[in-house]
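Colleague: the following comprises the amino acid sequence and a computationally predicted model.
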Amino acid sequence: MKVLYVCTEIFPLLKTGGLGDVSGALPPALRDAGCDVRVLLPGFPAIRDGVGPSHLKQAEPLALPARRGPELSALPAQAPMLRPATLPGSELAAYVLDAPALFNRPGNPYADTQGDNGIRFALLGWAAACLGHGLDAYWQPDIVHCHDWHTGLAPLYLRQMAMPGPPRAASVFTIHNLAYQGIFPRTLFPQLGLPDYLFGIDGIEFWGQVSFMKAGLQAADRITTVSPAYAREIMAAEQGCGLDGLLRARSNVVSGILNGVDYAVWSPSRDDALVHPYDVESLEEKVTAKADLQRKIGLQERPDAMVFGVVSRLTEQKGLHLIEAVADELVRAGAQLAVLGAGDAPLEQAFVRAAAKHPGQIAVQVGYNECLAHGIMAGADVLLVPSRFEPCGLTQLYGLRYGALPLVHRVGGLADTVVDTTPENLEAGTATGFVFDEFSTQGLRAALRRAFDLHALPGAWKKVQRTAMGQRFDWREAAGQYAALYRSLIPQTDRIA
Ligand code: ADP
Ligand code: GLC
């Protein structure tokens, strides 16, 4: 079964959030599950510089046709190419979408610095659809698996392209975050080479504009999202971001497949970022990891202090204003707070102010720092993830593995992965963290109180830590579910052959 995996970021080459981690780990897991996987990526500088030469025998660059079925106009003068390449580490085959005028820019890959994001990511969808229709004579995928709005036009172009020859690939569209939709002014529509009727409510029009997310949801053969709870939540108005009606109408093709963890990257016993590795059998070493973190980030070195950690994009989604609101109380209770994050300026500034008010007890590093992210998982007692909504969330899974008990809002993937320390769950030995229901400082406070109470009982705390560290969210499991979904899309005759 041939699978083209289409995405815009991939660890370790380029990562802005969880999508990068997923794309670094899922394609190799799909290969292990028996799929013949290739990855299609835009030629951002980090991708162009990071990939190796192709190992394939037929490794000639492929020119993207500008006219084939729908016509994509407004392309740069230099014809875009698909360059075969190899991903470092996994050695998977890849195609890099080489269109320097569109992708060879520094900075955040999604920043619309030149007002042409619509064309940039339409081209990515176009390239995926061309491959799905057999552009590479030596390798035509059975499945094109697309991720988030950046790839939303791929399923639509796949359907729209009328091509002689073998049938098109089937498409799977995975929602990692419904809140980011790729909305563009209606003036983009004529440049997309799509028939006029598609600019309507049953097409890709969204309140008078063009929505790439909606394109993916309308046209994909199957839709998945990254946790079962989020799959349910997005079918209702509160989390549906205006697309819940469409999702309900297509509910027979929507499912939730929980993300996994790449334990080769995220395991405290073999973590290159840690000076003092540890595991469940040597939990006393976690105290040393705490001291390492305190020194590194600028907290007072106090082994007795309960350290709360945050590793997060600082955006509205993550609910971190709740943490900021209780920061003084945490310090008064003798705890410390270590924050690593970047994002919205007011939130960044609020945390910086809190750190200035409580030097040595609250420390904040604004920016992106992969190594410190690992240090916080290892050094923290509790990992705070109070998200307003969370499609899956990976940091709480990393917290579990590192024995930094996650304290989370009961929503999306957080609800699916953290077991609250109720007396019953403690008794049953299933508790792994702290979960609160009401999204408010009150709700958060109640969970914090329970965390402090448990921490005062070292034996009970250790028991929960052990259970947490023993949890496994293996990519093998998720890859098996995706492979089964792919198989269900391949015509019966092919499956027998
Ligand atoms: P999201 O994708 O919504 O940001 P996830 O929990 O799925 O949330 O994934 C976030 C990923 O990004 C994790 O690997 C986390 O460690 C990482 N991360 C977030 N912020 C930072 C940061 N400031 N520095 C380093 N890594 C970060
Ligand atoms: C998105 C979501 C996050 C999820 C990640 C990977 O960024 O916000 O919850 O874990 O994608 O699927």
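Modeller: On my side now, so go ahead. Ligands and ions are numbered 1, 2, ... in the order given.

Colleague: neighbours of the residue of the chain found nearest ligand 2, how many?
Modeller: Closest contact between the chain and ligand 2, by C-beta to the nearest ligand atom, is at residue 18 (2.8 Å). Backbone N, C-alpha and C define where each C-beta goes, glycine included. If you count neighbours by other C-beta atoms under 10 Å, residue 18 ends up with 23.

Colleague: for it, which residues are in contact?
Modeller: Going by C-beta atoms under 8 Å, 6 or more residues apart in numbering, residue 18 touches 176, 259, 392-394.

Colleague: same check, this time on residue 128
Modeller: Residue 128 neighbours (C-beta under 8 Å, 6+ apart): 4, 6, 40, 144, 146, 151, 154, 157-158.

Colleague: with the residues you listed in mind, which one is nearest to ligand 1?
Modeller: When these are compared against ligand 1 (criterion: C-beta to the nearest ligand atom), the nearest one is residue 151, at 16.0 Å.

Colleague: how near is residue 255 to residue 217?
Modeller: To residue 217, residue 255 is 14 Å away according to C-beta to C-beta, to the nearest Å.

Colleague: spell out which parts of the stretch 201-350 of the chain neighbour ligand 2.
Modeller: Those residues of the stretch 201-350 of the chain that sit near ligand 2, judged by C-beta under 6 Å from any ligand atom, are 226, 259.

Colleague: residue ranges in the stretch 1-150 of the chain under the pLDDT threshold?
Modeller: Scanning the stretch 1-150 of the chain for pLDDT under 70 picks out the ranges 66-78.

Colleague: residue of this protein closest to ligand 1, please.
Modeller: In the chain, the residue that lies nearest ligand 1 is residue 18 (2.2 Å; C-beta to the nearest ligand atom).

Colleague: any idea how far that residue is from residue 310?
Modeller: 15 Å.

Colleague: interface residues of the protein facing ligand 1?
Modeller: Residues of the chain lying near ligand 1 by C-beta under 6 Å from any ligand atom: 17-18, 21, 311-313, 340-342, 368-370, 373, 392-395.

Colleague: picking up where we left off before, overlap in contacts of residue 255 and residue 217?
Modeller: With contacts taken as C-beta under 8 Å, 6+ apart, residue 255 and residue 217 have residue 223 as neighbours in common.

Colleague: which one's more surrounded, these two?
Modeller: Remark: of residue 255 and residue 217, residue 217 carries more neighbours, 26 against 14, as counted by other C-beta under 10 Å.

Colleague: that one: what's it in contact with?
Modeller: Contacts here follow C-beta under 8 Å, 6+ apart; on that basis residue 217 touches 152, 173, 175, 223, 243, 246-247, 250.

Colleague: and the contacts of residue 128, which of them are in strands?
Modeller: Using DSSP state E, the subset of those located in strands is 4, 6, 40, 144, 146.

Colleague: tell me who's in contact with residue 393.
Modeller: 18, 385, 387, 408, 412-414, 417.

Colleague: quick one: these as TSV, columns for secondary structure too.
Modeller: Shown next, in TSV, are the contacts of residue 393 (DSSP: H, G, I helix; E, B strand; the rest coil):
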residue	secondary structure
18	helix
385	strand
387	coil
408	strand
412	helix
413	helix
414	helix
417	helix
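
Colleague: of the residues you listed, which pair is most distant in space?
Modeller: Greatest spatial distance among the contacts of residue 393 (C-beta to C-beta): 18 and 408, at 14.7 Å.

Colleague: ok so, going back, of the contacts of residue 128 - the most surrounded one?
Modeller: When neighbours are counted by other C-beta under 10 Å, residue 154 leads the contacts of residue 128 with 35 neighbours.

Colleague: is it true that that one touches residue 147?
Modeller: No: Residue 154 is not in contact with residue 147 according to C-beta atoms under 8 Å; the separation is 9.8 Å.

Colleague: for residue 269, phi and psi?
Modeller: Residue 269 adopts backbone torsions of phi -80, psi -20, taken as degrees, to the nearest 10.

Colleague: what are the buried residues along stretch 110-118?
Modeller: 110, 116-118 (16 or more other C-beta atoms under 10 Å).

Colleague: tell me the SS of the nearest residue to residue 369 once chain neighbours are set aside?
Modeller: Nearest-residue entry for residue 369: residue 340, 6.1 Å, with adjacent residues in sequence omitted and distances by C-beta to C-beta, 6 or more residues apart in numbering. The three-state assignment at residue 340 reads strand, by three-state DSSP.

Colleague: count the residues that sit near residue 340.
Modeller: If we define neighbours as other C-beta under 10 Å, then residue 340 has 23 of them.

Colleague: try the one 5 residues further on
Modeller: Close neighbours of residue 345, defined as other C-beta under 10 Å, add up to 10.

Colleague: phi, psi of it?
Modeller: The phi/psi pair for residue 345 (degrees, to the nearest 10) is phi -60, psi -40.

Colleague: how about residue 444?
Modeller: phi -60, psi -50.

Colleague: which residues does the residue nearest to it when sequence neighbours are not counted contact?
Modeller: Spatial nearest neighbour of residue 444, excluding adjacent residues (C-beta to C-beta, 6+ apart): residue 322 at 4.8 Å. Listed by C-beta under 8 Å, 6+ apart, the contact set of residue 322 reads 386, 439-441, 444.

Colleague: quick one: buried residues of the helix or strand harbouring residue 322?
Modeller: According to DSSP states H and E, residue 322 maps onto helix 321-332. For helix 321-332, a neighbour-count test (16+ other C-beta under 10 Å) marks 321-324, 326-327, 330-331 as buried.

Colleague: rounded mean pLDDT for that helix, please.
Modeller: Average pLDDT, helix 321-332: 98.

Colleague: now the strands for the stretch 151-300 of the chain?
Modeller: Using DSSP state E, counting those that start in this stretch, the strands of the stretch 151-300 of the chain run over 170-175, 183-184, 205-206, 209-211, 222-225, 254-256.

Colleague: against which helices or strands is the first one packed?
Modeller: Okay, so that is strand 170-175. Here strand 170-175 is seen to pack against strand 143-147, helix 153-160, helix 212-219, strand 222-225, helix 475-489 when contacts are counted using 3 or more C-beta pairs under 8 Å, 6 or more residues apart in numbering; DSSP states H and E.

Colleague: a markdown table for the ones you listed, including distance to residue 85?
Modeller: Output for the helices and strands packed on strand 170-175, formatted as a markdown table (distance: least, C-beta to C-beta, whole Å):
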| stretch | distance to residue 85 |
| --- | --- |
| strand 143-147 | 18 |
| helix 153-160 | 19 |
| helix 212-219 | 25 |
| strand 222-225 | 27 |
| helix 475-489 | 22 |
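
Colleague: ranking those by burial, who's on top?
Modeller: Most buried of these by mean neighbour count (mean count of other C-beta atoms under 10 Å) is strand 143-147; its value is a mean of 28.

Colleague: which other helices and strands contact it?
Modeller: strand 2-6, helix 18-32, helix 117-132, helix 153-160, strand 170-175, helix 475-489.

Colleague: no further queries at this time; thank you.
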